[in-house]
Structure formats: C-alpha cells, structure tokens
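Student: The following block contains a protein sequence and its predicted model.
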Amino acid sequence: MLGYYFNNLLGTLPFFMKGLWMTIMVSGISLVAGSILGFVVGITRSSRIPVLRYVLAAYIDFMRGTPFLVQIFIVFFIFPEWGIQMDAFTAAVLSLSVYAGAYVSEIVSGGMDSIPPGQIEAAASSGLSWFQRLRYVIMPQAMRPILPPLVGQYVLLIKDSSVISVIGLTDVTRVGWLTVQRIPEGLMVFGLVGILYFLICYPLIRLSNWFENRLTIQEFKI
Amino acid sequence: MLESFNFRVIWEYMPLFGHGILATAWISMISIIGAMLIGVMACMARLSHFKIFVVPAVVYIEAIRSTPLLAQLYFFYFGLPSMGIRMNEYQTGIMALCLNSGAYIAEILRAGVQSIPSGHIEAGSASGLNYLQRLRYIIMPQAIGITIPPLLGQAIVLVKDSALLSLISVVELTRAGQLMNSERFMPAEGFFTTALCYLILYHILKSLSTMWQKKLIYRPAV
C-alpha cells in the first residue's frame, strides 16, 4: 500500500515543483521589496525625524505584534471592502513585503545605532553631506552587524510565505495540502514538503552562520 | 473607514473573543512550558560529548529551523492519524508548537552557555567544583541572565505562531475573527478586533521583557 502511495506521490512531483516555483517567486519578490522598504524605514528611523518616528514605530509595532496570518486576512478580506481590489498573488506579495519590511528596518536601525556618534560627527565636520555620510561612513560599518540577522530574516520570510497558502495561492504547502486529500499519507506528503523547504532554507541558514563567523572574527579586539 | 465600524456586533461577539484570548493564552502557556523542557533536553544533547546524543539533536534542530511551522502542523495533523495515533486538534497543535519552539529555545540556550568564557569553567574545575556545581554556580547564573530576553522574544513568537492553529480548527483568537467574518460578513470588525487582542498580548509580554532586561542585564557584573 505504501509503495502504491509512494508511486502516486512521485507522479505528483511536477505539481510540487510548480508549488516550489510559486514559493520562490513570492518570497523572492517580497524579499527584494521588503529589503528596500526595510532599509528606507530603518534609515528614516535612525535619523530621528520627530513625527515620522512615531508613525514608523506604530507600523513596526503592529507588524511585530500581530501574527502574519491576521495581517494577510486584513489585506485579503478588508482591503476589497475599502474598494482596493487585488488578486491573491498581489495580496500575498504586498502583505509579505510590508511584514518583512518591519523586521528588516529593526535590523537596519539596530545596526546603524551601533556606530559610535563620534564617527558621524567627524564625518559631518569634514564636510560630507548626509548622503555621503550614509554611503561612506555609516553603511560600510553597519553592514557588519546587519548582514547575519538579515539573511536569518530571509529564512523566516521564506518560511512565513507558507501562510499565503490560506488565501488560495498554490505554493508548496498548499500543494501538500491538496495532495494529502488524494494520497492519505500525511507523513510522506508533508515529509516531501518539509524536504523542499529544507533545500531552500538550510543553505541560507548556513550562509547566515558563515557571515556571522566571518564578520565577528574581524572585529576589533584589545 | 471607522465611521462604518459596527461596534454593536463587536460587542455581541465579545464572549467569543474572550474565549479566544483565554484559549490563545493557555495554549501558549502550555506550549512554552513544553518547549522549555524540550529545549533544555535538546540543548544538553547538542552540547554533550557523545555522538549518539549530538547527531539526533542536530537533525531535530536543523529540520525544525528550516521548515515552516505550517508544514510541521500539517505534517502532524495529517500524518499522525495515518500512523494510527489519534489526537484531537488541540493536542496536535500544542505538540507542534512545543516541538517547533523547542528547537529555537535549544539554540538560544546553546548560545547562552557558549557565551561563557571557557576560562570560567576551567577556573571552576581547577578550584575543585564538580560538573553539577560548575553548572549550578558558574554556568547557569551567567547563562540565564543572557538568555531571558531572547527567551521572552521566543514566547512572543510562539503566541503569534499559535494563530496558525486556527487552520486546523482550534478555536482561538484568529478563529474567533474568522468565525465573525464568516457569520456576519464583517471582515474589518472581525480581524481588527483580533489584531487588537494580539497587540494587547504582545505589549504585555514586551513590557515583561523590558522589565526583566532592566533587572538582569544592568545588574553589576561581579
């Protein structure tokens, strides 16, 4: 019986590959959009503009304080009520990027705050403009504490992208959910789903660890 | 937006949301205790000197960390019955949450233990403390101070992750919002109330975390 199911599962493999492609595409687009949003928000937060600061803090608080599942329901069910129509793919990418942006911005502003203020003052007094300070003084140093958690955040993003299956996008998790209705071997089907996620996420986790080791060895030590 | 909010219906559904908050709270509470137990055991196995303990611990931790919780949840939900193990959805959900957070907690604890300079442990054994005494008087007091904030962060993540249990029909906060949405066709009222409840839980945990941080981190190092 198990062998029969296994052969059936092998038959559905192309279907799984399609789901994998969907997962990669959704998380890839959101990864880029979320990073851009996160860097913009993080840099804005660190420059301490009075009103904007509280608005951004509220945004980050909402994103970090509510589950992603609830956020995607808000985007998918409530936005149409307000007259903003969008298909499931757009809703998924939008909510995933806005969600990831909040976490990335926390990492970015944390990294920027780790730079001693003396350096920024020195840069300002030697006549660098705001953008030059950011480009030549702050960012090259801030990337060191930013990079490892950023890659870690990308892993979380790919994993969180499994939640988009609830609004009907056929990513790997949804393919597994659909397959298990026909092949009632949950361990086998979702084992395969797990392996597919593992293949994407594990190299990224190793990359994050590698960054961490490499970047901390170079740290200045007395 | 807000003027069309129907607060009467929200008020009518308050008992359901109260039930949801309580369910989320107790599910998270049980899961965090279970996850701590699993995490401590996995961490001890991971750091032991015997390969038979290390290898399963590494496999468990890496497998959990590189697959999404939703896939794990479905793995148990659809997989256990086909193995002949019957559990209700609450037990399945709590088990998945425990196993998921346990892996992360194991890594947090490992980072805490490994952050202690080996000189301290060597000094301990040089002054004649045995393994248990070293653990009790040297490693634990230092490791706990470092690990409490990330552990509380993990507790926040767990509360948010418990929202996914609504997908296997556990009645908790998110499910309450979904029920209100499907019975009254009021997505805005339903999901914003859910989000607000999560924000309250989040802020309670976050203030706990800052309290502990002040208490533990700023204690002068002796």
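Tutor: Alright, I've got the coordinates. These numbers were taken from a predicted model, which means no experiment stands behind them.

Student: quick one: the closest residue to residue B:143 other than its chain neighbours from chain A, how far?
Tutor: Setting aside the residues directly before and after it, residue B:143 is nearest to residue B:112 in space (CB to CB, 6 or more residues apart in numbering or on different chains), at 4.0 Å. Where C-beta positions appear, they are placed from N, C-alpha and C, glycine not excepted. Residue B:112 is 16 Å from chain A, where distance means CB to the nearest CB, to the nearest Å.

Student: do residue B:169 as well
Tutor: As judged by CB to the nearest CB, residue B:169 and chain A stand 13 Å apart.

Student: Would you check how far apart the residue nearest to that residue when sequence neighbours are not counted and residue B:55 are?
Tutor: Closest residue to residue B:169 apart from its sequence neighbours, by CB to CB, 6+ apart: residue B:89 at 5.7 Å. Distance, residue B:89 to residue B:55, by CB to CB, to the nearest Å: 32 Å.

Student: Residue A:189 now?
Tutor: On the measure of CB to CB, residue A:189 and residue B:55 end up 26 Å apart.

Student: And for residue B:10?
Tutor: Computed as CB to CB, the residue B:10 to residue B:55 distance reads 52 Å.

Student: okay, those two: which has more neighbours?
Tutor: Between residue B:10 and residue B:55, counting by other CB atoms under 10 Å in any protein chain shown, residue B:10 is the more crowded of the two (18 against 12).

Student: residues contacting that one?
Tutor: B:189, B:193 (CB atoms under 8 Å, 6 or more residues apart in numbering or on different chains).

Student: that older thread, what is the burial count for the residue nearest to residue B:143?
Tutor: Using other CB under 10 Å, the number of residues around residue B:112 comes to 21.

Student: helices and strands around the host helix or strand of it, which ones?
Tutor: Assigned by DSSP states H and E, residue B:112 belongs to helix B:89-114. Packing partners of helix B:89-114 (3 or more CB pairs under 8 Å, 6 or more residues apart in numbering or on different chains; DSSP states H and E): helix B:14-47, helix B:51-65, helix B:69-82, helix B:140-161.

Student: Per-residue pLDDT of residue 41, please?
Tutor: By default, I'm working from chain A. Per-residue pLDDT puts residue A:41 at 91.

Student: that's the other chain; I wanted chain B
Tutor: 91.

Student: Could you give the number of residues near the residue nearest to residue B:169?
Tutor: Residue B:89, neighbours per other CB under 10 Å, totals 15.

Student: could you say what helices and strands the longest helix along chain A packs with?
Tutor: In chain A, taking DSSP state H as the definition, the longest helix is helix A:13-46. If you count contacts as 3+ CB pairs under 8 Å, 6+ apart, helix A:13-46 packs onto helix A:50-65, helix A:88-113, helix A:139-160, helix A:172-182, helix A:186-217.

Student: next one: phi and psi at residue B:50?
Tutor: Main-chain torsions, residue B:50, degrees, to the nearest 10: phi -100, psi 130.

Student: same question, residue A:169
Tutor: phi -80, psi 130.

Student: Settle this for me: it is touching residue A:87, isn't it.
Tutor: No - applying CB atoms under 8 Å as the test, residue A:169 and residue A:87 come out as separate, 9.5 Å apart.

Student: Leaving out sequence neighbours, find the closest residue to the residue of chain B found nearest chain A.
Tutor: Chain B approaches chain A most closely through residue B:78 (2.8 Å), counting by CB to the nearest CB. Using CB to CB, 6+ apart and skipping residues adjacent in sequence, the residue nearest residue B:78 is residue A:186, 2.8 Å away.

Student: Nearest residue to the middle of chain B?
Tutor: For chain B, residue B:158 is the residue whose C-alpha lies nearest the centre (CA atoms, centre = their mean; 3.4 Å).

Student: remind me which residues of chain A are low pLDDT?
Tutor: A:216-222 (pLDDT under 70).

Student: hmm, try it at 80
Tutor: For chain A, the stretches flagged by pLDDT under 80 are A:1-2, A:5, A:8, A:47-49, A:215-222.

Student: Next up, the contacts around the residue of it found nearest chain B.
Tutor: The nearest approach of chain A to chain B comes at residue A:186, 2.8 Å away (CB to the nearest CB). The contact partners of residue A:186, by CB under 8 Å, 6+ apart, come to A:180, B:74, B:75, B:76, B:77, B:78, B:79, B:80, B:81, B:82.

Student: For the closest residue to residue B:21 other than its chain neighbours, list the residues it contacts.
Tutor: Sequence neighbours aside, residue B:197 is the residue nearest to residue B:21 in space, at 5.4 Å (criterion: CB to CB, 6+ apart). Going by CB under 8 Å, 6+ apart, residue B:197 touches B:17, B:20, B:21, B:24, B:173.

Student: State the distance from the fourth one to residue B:30.
Tutor: Residue B:24 sits 11 Å away from residue B:30, going by CB to CB.

Student: So for the two, which residue has more residues nearby?
Tutor: Taking other CB under 10 Å, residue B:24 and residue B:30 do not tie; residue B:24 has more neighbours (28 against 14).
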